[in-house]
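Visitor: Build me a model:
(2 chains)
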2 protein chains.
Amino acid sequence: MSKPKLFIPGPVDVAPETYAAMAGPAIGHRGKDFEELYSSIQPGIRQVVGTIRPVFFSTSSAWGVMEGCIRNLVKKKVLNLCCGAFSDKWYGVAQSCGKEADKIQVEWGQPIAPEAVRKKLSEGGFDTVTLVHNETSTGTLNPLKEIADVVKSFDDILLVVDTVSSLSAMPINFDELGIDVLLAGVQKAIALPPGLAVFVTSDAALERAASVEDRGYYFDFCEFSKNDAKDNTPSTPAIPHLYALRERVDTMLTEGLGSRFDRHKANNAMVHLWGKRHGFELLPPKGFRSLSLSCFVTPENLDQAGWIRSVISNHGFAINGGYGKIKGKTFRISNMGNETSETMQELLDALDVELPKFLS
Amino acid sequence: MSKPKLFIPGPVDVAPETYAAMAGPAIGHRGKDFEELYSSIQPGIRQVVGTIRPVFFSTSSAWGVMEGCIRNLVKKKVLNLCCGAFSDKWYGVAQSCGKEADKIQVEWGQPIAPEAVRKKLSEGGFDTVTLVHNETSTGTLNPLKEIADVVKSFDDILLVVDTVSSLSAMPINFDELGIDVLLAGVQKAIALPPGLAVFVTSDAALERAASVEDRGYYFDFCEFSKNDAKDNTPSTPAIPHLYALRERVDTMLTEGLGSRFDRHKANNAMVHLWGKRHGFELLPPKGFRSLSLSCFVTPENLDQAGWIRSVISNHGFAINGGYGKIKGKTFRISNMGNETSETMQELLDALDVELPKFLS
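Guide: Here you go, the predicted structure:
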């Protein structure tokens, strides 16, 4: 059963070595073998996240931890910064947890302006802010540092950042940013199969969580912290994914994080250049474009669905035809994970071969 | 890195075919390939659960869905039936969700008496009951049908049943029982690596959930139902585990569910007979003993820790030395998953070889 190689913005293509690692031996999760596995991943994943703090492993997709942030941290009101499908949805999830929520909503593709955050927070009443660093639905990279600086200038407001499609593709330093939760699923930039999320919490986030009585159990930050002290997780973990994460992190460090970031930047630039050559416009404005995926506006004279289908069937490569309310109106090309300039060129060549057949 | 073969009550030993299945091709989860995978598992897993209703796949351990049951269903008060580590913990989890909870607590090893449930529910005020069918920490099998009949005799009380270590090891028929949620992790009787839970909900459970406003998103039963209609899951699913679940369910149906249940019964009887020969007493009383794992009381003249270590290092088989407050005072042997009379005999022989060295 052959399937196209995925250049969609997650899940992405998985290396054979990663699959091999997943088949590591069955071990009990309440014993020394598991504790060794857990602790062996920590130094590497902490480098990737830019922290000296423990990185927690949640057996869930990123959404589980995103809901967990709401349940653990929001006592008064959360401000959701909304600029695309995933950041918009976080606002709905906050409400579904019975929490008071407000939002800044910008047009899809546009970034969040730090000054707008300052103005909104000045209204008062907020204790938590959610931000999607790299909005996967639009390819928009938000100004993380600038927004973090704004939030930090207010007392007792925690900043929660989803880095699902940026973590390990570009430099992020949790400790320097001074943010409160950083989280990511592993099936995007980290190039694991889906089924695990990683996250790190500040002391302030743990203190806040400890004071929230109905925060629950499965995503309870305090439980993660307590179990981390024993190199363990609160609930039965996805052991195959942890074996695979160890393999991926080791591979990242062998490549060197700097080289990895450079590779992503260069591959991303190749895609931008290819788009420019065809006159395709990127959805996000200059200065706010993702380094891990490119979201182009579909020209009116392009039969996009036909083109994508044809690239799949004739070349075995899959790109994505837009998400949510911009489905069909945009297309997205991922350069996340293990791609090289050679494999990106193979994709771009395939796109080029099929393109003229679908332009009118 | 060789690890002992696991005869602990989960995770259990995983077949090479299951690992091979996990390495199925990376596919997007919002497309036809995933929908085909999802729907291909349904007929088989529904047979295992004994239902014509859809079986939902949660990327979490069973605890995620156990918390989900609380968040989706409890509006007034939950009654937790407590008889061991896991059933006891459910009471704590209910409270951590900010819900009103009461419990029936019996001594670890003892089963829950249906008449006690009737008496407690007659006090009034309850809308949900939680039961662990096969309490993994004590090896106690609760009288599911009798308790279900009691709960059903009350109006508007939903019964939620954890079948983590019984589902696929013995006959369970969701539809005939008339219960409201059945859930299980996959790393015990189903013999997958950990990282996924399966569950099924009644119409009454879905209706109740729809009326609970702060039920959240990640474990929202209504979201699972809505996405199931499109052969999909609310959040990014653990695709490798779904490939593996398909493989396991196909294997179960090839063996035949009846033969599978018989095999578990026979293997379990072998362990009981072995225990009897040594004068080891089972913790649960007759008539309430698990068919998938055996929990023995540790005799005072046995250096249990030394024995278990020695079986691991000299034979490569791991059994478990007790859980929670009966750790060290009991030992547990699993016959879940893919074990045969031959592989069970290998284990029992190894236990026999080492035993005399640790008896005083």
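
Visitor: how far out from the middle of the chain is stretch A:151-167?
Guide: Remark: stretch A:151-167 is offset 14 Å from the chain centroid, using Cα atoms, centre = their mean, to the nearest Å.

Visitor: Contact residues of the stretch 151-300 of chain A facing chain B?
Guide: A:185, A:187, A:193-196, A:213-220, A:234-241 (Cβ under 8 Å from any Cβ of the partner chain). Heads up, the C-betas are built off the backbone N, CA and C, glycines and all.

Visitor: Mind checking which of these are buried?
Guide: By neighbour count, with 16 or more other Cβ atoms under 10 Å in any protein chain shown, these hold A:185, A:187, A:193-196, A:215-220, A:234-241 as buried.

Visitor: Please list the members of those residues that lie in helices.
Guide: Judged by DSSP state H, those include A:I239, A:P240, A:H241 as members of helices.

Visitor: Surely A:A62 is in contact with A:Q187?
Guide: No. Assessed by Cβ atoms under 8 Å, A:A62 is found out of contact with A:Q187, at 9.0 Å.

Visitor: could I get stretch A:308-320 in PDB with only the CA atoms?
Guide: Extracted in PDB, the C-alpha atoms of stretch A:308-320 (Å, rounded to 0.1, in the frame of the first residue of the first chain):
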ATOM      1  CA  ILE A 308      -2.700  18.600  -6.300                       C
ATOM      2  CA  ARG A 309      -4.300  15.300  -7.300                       C
ATOM      3  CA  SER A 310      -2.100  15.000 -10.300                       C
ATOM      4  CA  VAL A 311       1.100  15.600  -8.300                       C
ATOM      5  CA  ILE A 312       0.000  12.900  -6.000                       C
ATOM      6  CA  SER A 313      -0.800  10.300  -8.700                       C
ATOM      7  CA  ASN A 314       2.000  11.100 -11.100                       C
ATOM      8  CA  HIS A 315       4.800  11.900  -8.600                       C
ATOM      9  CA  GLY A 316       3.700  10.500  -5.200                       C
ATOM     10  CA  PHE A 317       4.100  13.800  -3.400                       C
ATOM     11  CA  ALA A 318       1.200  15.500  -1.400                       C
ATOM     12  CA  ILE A 319       0.900  19.200  -0.700                       C
ATOM     13  CA  ASN A 320      -2.200  20.700   1.000                       C
END
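
Visitor: in it, what counts as buried?
Guide: Under 16+ other Cβ under 10 Å, the buried positions of stretch A:308-320 are A:I308, A:S310, A:V311, A:I312, A:H315, A:F317, A:A318, A:I319, A:N320.

Visitor: Would you mind naming the helix or strand containing A:R263?
Guide: Here A:R263 sits within helix A:257-278, counting by DSSP states H and E.

Visitor: Centre of the chain to that helix, how far?
Guide: Its chain's average C-alpha position is 18 Å from that of helix A:257-278, according to Cα atoms, centre = their mean.

Visitor: which element follows it toward the C-terminus?
Guide: Next helix or strand after helix A:257-278 toward the C-terminus (DSSP H and E): strand A:293-297.

Visitor: and whichever helix or strand comes after that next one, what's its mean pLDDT?
Guide: Later in the chain than strand A:293-297, the nearest helix or strand by DSSP H and E is helix A:304-315. If you average the pLDDT over helix A:304-315, you get 98.
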